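Participant: Here is a sequence with its predicted model. Questions after.
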Number of protein chains: 2
Amino acid sequence: MNEDELVARIRRMAEPGARRRLVLGIGDDCAIYRPRAGEELVFTTDLFIEDVHYRLKNEQAGVLGRRALARSLSDIAAMGATPRFCLVSLALSKRTDHKWAEAFYRGLLALARESGTALAGGDFSHAARVVCDVMVCGSVARGKALRRDGARVGDAIYVSGPLGGWRHRAEIVPRLDIGRRIASKATAAMDISDGLSTDLWRLCIASGVAASLDGPLPVLAGATLDDALNGGEDYELLYTAPQKVRVPGMRIGSIVEGRAGDVFLMGLKVKARGYDHLSSSRR
Amino acid sequence: MNEDELVARIRRMAEPGARRRLVLGIGDDCAIYRPRAGEELVFTTDLFIEDVHYRLKNEQAGVLGRRALARSLSDIAAMGATPRFCLVSLALSKRTDHKWAEAFYRGLLALARESGTALAGGDFSHAARVVCDVMVCGSVARGKALRRDGARVGDAIYVSGPLGGWRHRAEIVPRLDIGRRIASKATAAMDISDGLSTDLWRLCIASGVAASLDGPLPVLAGATLDDALNGGEDYELLYTAPQKVRVPGMRIGSIVEGRAGDVFLMGLKVKARGYDHLSSSRR
């Protein structure tokens, strides 16, 4: 099977999916999207690479396809947005044939349908190791997108679910529902992809505040304190809201005065030591 | 230098560039774009991979950065659109340090400024070989985007410049000006990235027509007939327009009746044998 035949097959697999305001999908130089009045569009892209994010021999193609899309949908959720469409770039290796590619797309398209995300296009190539990059465009009412820079002293800090999730990576469910529910309530939000200690530090740097973790840290069974603070690939949302505002999720602390980026646990400073994508190691 | 420091440095390098309607750029979970009334948005993404598209030791980082963006801008040009912003995913290898990455971004950002494309975000990772994926969003008046499927029997076929360009890959200049000039005149358009024979076949398949190459084929000095028909990375535009409509470029043939996808040269059928990205070889 050559490139054009694979594109045609994936196009047929994608067509039952949501199209919404997608004027033109797979098969031209570009996809075309017609924005609706009053909407703002949010954009994110995430790399997903063999031997960096997963081992090919340990994972089913369909699970990998689902995870590739879930990573970007988690960023859309963190903005309080609704996904509209995605572009998928995929470089196949000699160990992944067209059947592997089709299974990868079946997994990706299942999550695309669940979340209302149309597959609008992408690119194919080949490489020594499988490489995938998924761009997702989402939609949000004008001025309503959740950002990292709005946390204020006195806000409570929440997570959408238990941490230490890297033990259960096959089961990522992007928190789109929670993102939309907190969209008009939270002062700041982001997704936890590199570990709570690193991502809370980033939120505090963006907002110019410090944080104190004083609630119990919700964790998955068997997760250690290190898993909860420094584990990557949690894909839960981290957000802040004024103390009196009711939001879903679990309260883990408060925004406090202090040097921007400082995070404290029981009064002791926590070092940001989550995943660094450039060095492929803990900080 | 860790990931957050590199992101902060690239953010400072990018800020003098065009922002236009970009509400939020580098540094959050997503970038935010506010569409203007009456515009349609076009989206494309292109992989650019070490040892597939180039050899690291043969190329300067800045030239590679420029080419990585130029590949996607060529698709924007083919839609008759104006680029607005890009997302850049980059996986570095052990042989490319932060200085290499900065030089790569300097080259990319120079073309971004020339073309009015804001760098809105992206992703970093690492890999055994350098991998880059560039998504560009462009803007076009509603219903005015050039597509592949509009060629009609009797139309003339044009290219925007000489073919066989793979000999001069460092000098890609995306044909954004020509794209905009033909936007209200051409019936179909695409960019020539995989060779004239393959891309004209694709245009004819999409439009349900055949093509006859009867004009002289414009080529760069030293290019052979095979280079002109089957060379990749030309990045010129291929487009059709009614015979009486004046358009820029060089006329190379006509759309004719026949089996969809058939391409003839002096009455002989031309086989589509340009680059196949999956097999890494000629067809």
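Facilitator: Sure thing, it's come through.
Participant: Spell out, range by range, the helices that occur in the stretch 101-250 of chain A.
Facilitator: Counting by DSSP state H, counting those that start in this stretch, the segments of the stretch 101-250 of chain A that form helices are A:176-182, A:196-207, A:225-230.
Participant: and among those helices, the most buried is which?
Facilitator: Using mean count of other CB atoms under 10 Å in any protein chain shown, the stretch among the helices of the stretch 101-250 of chain A with the largest mean neighbour count is helix A:196-207, at a mean of 24. The C-beta positions use only the backbone N, C-alpha and C, and glycine is treated the same way.
Participant: any chance of the helices of the stretch 101-250 of chain A in CSV, with distance to chain B too?
Facilitator: Below are the helices of the stretch 101-250 of chain A laid out as CSV (distance: least, CB to the nearest CB, whole Å):
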stretch, distance to chain B
helix A:176-182, 10
helix A:196-207, 7
helix A:225-230, 15
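Participant: Name the nearest residue to residue A:54, ignoring sequence neighbours.
Facilitator: What sits nearest to residue A:54 in space, not counting adjacent residues and going by CB to CB, 6 or more residues apart in numbering or on different chains, is residue A:64, at 6.4 Å.
Participant: And for the closest residue to residue A:218 other than its chain neighbours, the neighbour number?
Facilitator: Distances taken as CB to CB, 6+ apart put residue A:162 closest to residue A:218, at 4.3 Å, once the chain neighbours are dropped. Counted with other CB atoms under 10 Å in any protein chain shown, residues neighbouring residue A:162 total 17.
Participant: Which residues of the stretch 51-200 of chain A lie near chain B?
Facilitator: A:51-53, A:75-76, A:78-79, A:81, A:85, A:87, A:89, A:91-92, A:98, A:120-129, A:131, A:133, A:135, A:137-138, A:140, A:142, A:145, A:147-149, A:189-191 (CB under 8 Å from any CB of the partner chain).
Participant: where does chain A dip in pLDDT?
Facilitator: Applying pLDDT under 70 to chain A picks out residues A:16-20, A:165-171, A:274-283.
Participant: how does it divide into domains?
Facilitator: As given by automatic domain parsing, the domain ranges for chain A are A:3-141, A:156-282.
Participant: Cross the residues of the stretch 51-200 of chain A next to chain B against strands and list the overlap.
Facilitator: A:85, A:87, A:89, A:91-92, A:120-126, A:131, A:133, A:135, A:137-138, A:140, A:189-191 (DSSP state E).
Participant: that older thread, nearest to residue B:197 among the helices of the stretch 101-250 of chain A would be which one?
Facilitator: helix A:176-182 (44.4 Å; CB to CB).
Participant: how far is the closest one from where the chain is centred?
Facilitator: 13 Å (CA atoms, centre = their mean, to the nearest Å).
Participant: Please identify the buried residues of stretch A:97-115?
Facilitator: Neighbour-count burial for stretch A:97-115, counted by 16 or more other CB atoms under 10 Å in any protein chain shown, picks out A:100-105, A:107-109, A:111-112, A:115.
Participant: To clarify, my last question referred to stretch A:259-271.
Facilitator: In stretch A:259-271, counting by 16+ other CB under 10 Å, buried: A:261-265, A:270.
Participant: Just the closest of those to residue B:243, please.
Facilitator: Once CB to CB is applied, the member of those that ends up nearest residue B:243 is residue A:261, at 65.5 Å.
Participant: My read is that the closest one contacts residue A:207, right?
Facilitator: No - using CB atoms under 8 Å, residue A:261 is not in contact with residue A:207; the gap is 9.5 Å.
Participant: between those two, what contacts are shared?
Facilitator: Overlap of the contact sets of residue A:261 and residue A:207 (by CB atoms under 8 Å, 6 or more residues apart in numbering or on different chains) is empty.
Participant: Contact partners for the closest residue to residue A:83 other than its chain neighbours?
Facilitator: Leaving aside its sequence neighbours, residue A:83 sits nearest to residue A:117 (CB to CB, 6+ apart; 4.2 Å). By CB under 8 Å, 6+ apart, residue A:117 lies in contact with A:17-18, A:69, A:73, A:83-86, A:111, A:136.
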